[in-house]
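> Using only what follows, build the 3D model:
(2 chains)
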Amino acid sequence: MPVIRATGLRKSFGAHAVVRDVSFEVAAGETLVLLGPSGCGKTTLLKLLNRLIEPDGGTVEINGENVLSQRPEALRRGMGYVIQQVGLLPHYTVAENIAVVPRLLGHAPAAIAARTEALLTRLHLPPARYAGQLPHQLSGGQQQRVGLARALAADPPIVLLDEPFGALDPVTRASIRREFRELEELKTKTVVLVTHDVTEAFELADRIMLLDGGRIQQLGPPRELLFRPANGFVRDFFAAERLALQLRTLTLNDIFRDSTTDDSAASFAANITVHEALETLTSGNAAAFPFTVAQLMAAFGEALQREEDGWKR
Amino acid sequence: METVSALFLFWREQAGKLGEQTVQHIGLTAGSLLLGVLLGMPLGLFLSRRPRWAPAVLGVAGVLQTVPSIALLGFLIPLLGIGPKPAIFALFLYSLLPIIRNTFEGIRGVPPAVVEAARGLGLTDGQVLRRVELPLALPVLMAGIRTATVINVGVATLAAYVAAGGLGEFIFGGIALNNPVMILAGTLPAAALALAFDALLGGVQRLSTGRLARVGVALLAALPLLGGLYLLPQATGRLRAGFSPEFVGRADGLPGLTTAYGLTHLPSVVLAPALVYEAARHADVDVIDGYSTDGRIRAYGLRVLRDDRRVFPPYYAVPVVRPALLREHPELAEVLAKLNNQISDSVMTDLNYRADYLHQDPKAIAEYFLRRRGLWQAARAAVAGAPVVKLGSKIFAEQYILAEMYAALIRGNTDLAVETKTGLGGTTICFEALRSGAIDMYPEYTGTGLLVLLQPRPAVVDSLGGRPAAVLGYVRAEFRRRFGLEWLQPLGFNNTYALLMRGRQARELGIMSVSDLGGYLRR
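This is a model prediction of the structure:
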């Protein structure tokens, strides 16, 4: 059974239809990224899940139960929620902010303290230094880490994130994204993340839902959107970053599948992306792989051709 | 330095009164503030949820703020009577705007992202309000309450005008008696109260959120107690009097009356001069001070109690002129004399009634009177370059009417031009205008000439014994000698202080004179 099942969701603000007949499912432990240009309805769709916005039509079921049959507060306490502006309570300390939901749920103070400490440590904010600080004393990246810790504090099975890295500078953004990806906490959780950043979507998503004009344009794994675009909009949407995305999407396994170096494929981790392999090779670690940059790029070119041909057929 | 020592002397002499007034002042401020917070905060919260209503509600509160305090009190008297009720209600209305506006703006100033995040985490609407919005709006909200407090401490001085006491009693008494020490004696404690309240609330604001809740509850509980404090010293008696501040303070007012008639059992409150008649009419008080020719005596069915022991000095109206006027235009003497002894008390009361109550134009009233007496002459054709006679009057209807009478007589019977300078404020302004030649003539009262302008030693006043002819003779001689000004002949009526009661009540109790009143109170 899917953890989240949305059926026929519709929402209009005045005469403006923001979400039009959207249905999808998210499986347990899956990360679904809602991607699209500004105004495509992705944030509204996210807020329909935790009832910050109520739909005009359609249903949302969480673990098979219609969300309308639950009190909104109870529903939300079971779903972590992170927004772009973070929204830490400015009059609460870092520790108090993280403790908000566990306290609402009536967890024991000692358990809350231990959990807070563990989360802060894992997010590289030493508790001794940061637990007692107020949000305005932190940098933007640190604030967003606290926001993430707050969303995870009560260990909710579902986490909703609305442009969580949108307000950060590119360097901080990349590093937090890496932390996010590697965070043990999140690997088991069902995550729905909203972004307009294509790279981010490809980096984090198990599946991507590309939205435009309130409708799903395509829903599938990143690779599918890239190589099997459902329509012109999908193709155009990735056009500018196509090459970078292909480098990040294709793995060594993909490009060396039918080639002469097939025998040696076992000698390296085949699920490494071309982009990662390229980075390793060009950063002075030429012996890491049994192929050169030139061979890698040649194989990459052939693989692209195969994908193109496959799409044409 | 003299003022300072006089001030401390005054405080020491009036320590009891000062304490009582301060307590009343605190009570008024606290009571009204409590109401303001109880209504204003929920209203501000409501507006933050329904901003569509904000312009209308804030507009109304803003309009209330612009109503002059004394006018607001005037509107409230018929509804709430006199005493603390209208005062607290008026103060409450004044406190609304800052409290509503700051609650509204404070809540609106909370970053939307913080509220959204809080809701997204699963806080209920009530928890969002209590834990997020109110704490974050608190500095702005408290600033509003502090503003309201300071405004209220200031405006509460006006409570003295509706018999609600407070430090305004000293202030308005001092203004009426032109006594700066007395004004300061009320002003300084009021200012200190404003600062103290502000500092207290500032301290509350700096408390931590947890303690704030407890202190807030304590304050909410304390405010009604403070408000209630003030109701304790309420004397009771068979009759209740409402007097204007000037009457209470003047030697020839209440103090003289109390001694002469032994009016010891007459509890009294202080009221704005403009409100005493209203208060008597609505039976908020039974005995008031007033002027014997006031139009409202007739309008409200009041009765003048006869001053049978002649405590109030005679205040016969007499035109006072610069002698040069009569030398240059001898024909005027005869014209001005046409009004001699023409106007009795009841006639003047009737004329004032037309002005004050029927709102007739003083000019029309003057014509009506002159026609009835056969003195009316249509104005002669204006002569170019004719000398101008400048007539002055003080700033109330009776004087306007008299000035218009003289103006009509001069225009109808001479070729002189007339300029009326009405509304020259009080006695001193008219008198100085006459001395300097800015005006040529104005109607003055013998008692005013004696006690306000000449201010003779008490022995002299006693020797005159309140006899009308003796007083006129004295002021005429002294004005001639000291100022070179001439008092002409009396117009006939005596506009003196008077004690007034509702006619019906006076009849029922058989009170016709002030002696009757004293006897009734002692019974």
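> got the residues of chain A near chain B?
Contact residues, chain A versus chain B (CB under 8 Å from any CB of the partner chain): A:50, A:52, A:73-78, A:81, A:83-91, A:100-101, A:104, A:147, A:150-151, A:160. The way it works is simple: take the backbone N, C-alpha and C, and place the C-beta from them, glycine included.
> Am I right that B:V418 sits in a helix?
No: membership of B:V418 in a helix is not supported by DSSP: H, G, I helix; E, B strand; the rest coil, which gives strand.
> Could you count how many residues lie near it?
As a burial measure, B:V418 scores 20 neighbours (other CB atoms under 10 Å in any protein chain shown).
> What ranges does the chain have for its strands?
Picking chain A for this. For chain A, strands defined by DSSP state E occupy the ranges A:4-13, A:16-26, A:31-35, A:57-62, A:65-66, A:79-83, A:158-162, A:190-195, A:207-212, A:215-220.
> oops, I was thinking of chain B
Using DSSP E, strands in chain B cover B:241-243, B:268-270, B:287-291, B:302-305, B:317-321, B:388-392, B:417-421, B:441-445, B:486-487, B:497-502.
> Drop anything exposed from the residues of chain A next to chain B.
A:50, A:52, A:73, A:75-78, A:81, A:83-89, A:91, A:100-101, A:104, A:147, A:150-151, A:160 (16 or more other CB atoms under 10 Å in any protein chain shown).
> Just give the nearest non-adjacent residue to the residue of the stretch 1-150 of chain B found nearest chain A, would you?
Using CB to the nearest CB, the closest approach of the stretch 1-150 of chain B to chain A is made by B:A117 at 2.7 Å. Once flanking residues are discounted, B:A117 sits nearest to A:G87: 2.7 Å by CB to CB, 6 or more residues apart in numbering or on different chains.
> Return the distance of that neighbour relative to A:R115.
Relative to A:R115, A:G87 is positioned 20 Å away (CB to CB, to the nearest Å).
> Residue 127: what's it in contact with?
Unless you meant another one, I'm taking chain A. Applying CB atoms under 8 Å, 6 or more residues apart in numbering or on different chains to A:P127 gives the contacts A:95, A:116-117, A:120-121.
> try chain B instead
By CB under 8 Å, 6+ apart, the contact set of B:Q127 is A:104, B:118.
> B:V67 versus that one, what's the distance?
40 Å.
> what does A:A270 give?
On the measure of CB to CB, A:A270 and B:V67 end up 84 Å apart.
> Residue ranges in chain A under the pLDDT threshold?
Residues of chain A meeting the criterion pLDDT under 70: A:257-269, A:311-313.
> Mind telling me which residue of it is nearest chain B?
Nearest to chain B in chain A, going by CB to the nearest CB, is A:G87, at a distance of 2.7 Å.
> For stretch B:161-181, list every residue counted as buried.
B:161-177, B:179, B:181.
> Quick check: residues of the stretch 51-200 of chain B near chain A?
Residues of the stretch 51-200 of chain B lying near chain A (CB under 8 Å from any CB): B:111, B:113-124, B:127, B:131-132, B:135-136.
> in the stretch 251-400 of chain B, which spans are helices?
B:254-261, B:273-281, B:295-299, B:323-328, B:331-336, B:345-356, B:362-372, B:397-413 (DSSP state H, counting those that start in this stretch).
> hmm, I was thinking of the stretch 201-313 of chain A
Taking DSSP H, counting those that start in this stretch to define them, one finds helices in the stretch 201-313 of chain A at A:222-227, A:232-239, A:242-249, A:252-255, A:274-282, A:293-312.
> how about the ones you listed in TSV, adding distance to B:A61 and mean neighbour count?
Below are the helices of the stretch 201-313 of chain A laid out as TSV (distance: least, CB to CB, whole Å; neighbours: other CB atoms under 10 Å in any protein chain shown):
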stretch	distance to B:A61	mean neighbour count
helix A:222-227	57	21
helix A:232-239	53	15
helix A:242-249	59	17
helix A:252-255	70	20
helix A:274-282	64	16
helix A:293-312	68	14
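> Any idea which of those helices gets closest to B:P51?
helix A:232-239 (37.9 Å; CB to CB).
> okay, the angle between that closest one and strand A:207-212?
Between helix A:232-239 and strand A:207-212, the angle comes out at 110 degrees (axes from the mean of the first three to the mean of the last three CA atoms, to 10 degrees).
> In PDB, list the C-alpha atoms belonging to helix A:232-239.
Presented in PDB, the C-alpha positions along helix A:232-239 are these (Å, rounded to 0.1, in the frame of the first residue of the first chain):
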ATOM      1  CA  GLY A 232       7.600  19.100 -25.800                       C
ATOM      2  CA  PHE A 233       7.300  20.900 -22.400                       C
ATOM      3  CA  VAL A 234       9.200  18.200 -20.600                       C
ATOM      4  CA  ARG A 235      11.900  18.100 -23.300                       C
ATOM      5  CA  ASP A 236      12.200  21.900 -23.300                       C
ATOM      6  CA  PHE A 237      12.200  22.100 -19.600                       C
ATOM      7  CA  PHE A 238      15.500  20.100 -19.400                       C
ATOM      8  CA  ALA A 239      17.000  21.500 -22.600                       C
END
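> Next, format the helices of the stretch 201-313 of chain A as TSV and append distance to A:G39.
Below are those laid out as TSV (distance: least, CB to CB, whole Å):
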stretch	distance to A:G39
helix A:222-227	20
helix A:232-239	14
helix A:242-249	23
helix A:252-255	35
helix A:274-282	31
helix A:293-312	29
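> Which of these sits closest to B:L336?
The nearest among the helices of the stretch 201-313 of chain A, by CB to CB, is helix A:232-239 at 101.8 Å.
> Which elements pack onto that closest one?
strand A:207-212, strand A:215-220, helix A:222-227 (3 or more CB pairs under 8 Å, 6 or more residues apart in numbering or on different chains; DSSP states H and E).
> looking at the helices of the stretch 201-313 of chain A, which is closest to B:C430?
Shortest distance between B:C430 and those, using CB to CB, is found for helix A:232-239: 89.2 Å.
> what's the angle from that closest one to strand A:215-220?
Going by the same axes, to 10 degrees, helix A:232-239 makes 60 degrees with strand A:215-220.
> List the neighbours of helix A:232-239 that are in contact with it.
A:37, A:198, A:210, A:212, A:217-218, A:225-226, A:229, A:245.
> mind redoing it with 7 Å?
Residues from elsewhere that reach helix A:232-239 (CB atoms under 7 Å, 6 or more residues apart in numbering or on different chains): A:198, A:210, A:212, A:217-218, A:225-226, A:229, A:245.
> and what of stretch B:107-116?
With CB under 7 Å, 6+ apart, stretch B:107-116 has contacts from A:83, A:85, A:87, A:89-90, B:45, B:48, B:128, B:132-133, B:136-137, B:140.
> one more time with 8 Å
The contact list for stretch B:107-116 (CB under 8 Å, 6+ apart) reads A:52, A:83-90, B:44-45, B:48, B:51, B:128, B:132-134, B:136-137, B:140.
> And the helices and strands packed on helix A:232-239: which comes nearest B:Y261?
Of all the helices and strands packed on helix A:232-239, strand A:207-212 comes closest under CB to CB, at 93.9 Å.
> List the buried residues in that closest one.
A:207-212.
> cool, stretch B:510-523 as well?
Neighbour-count burial for stretch B:510-523, counted by 16+ other CB under 10 Å, picks out B:511-518, B:521.
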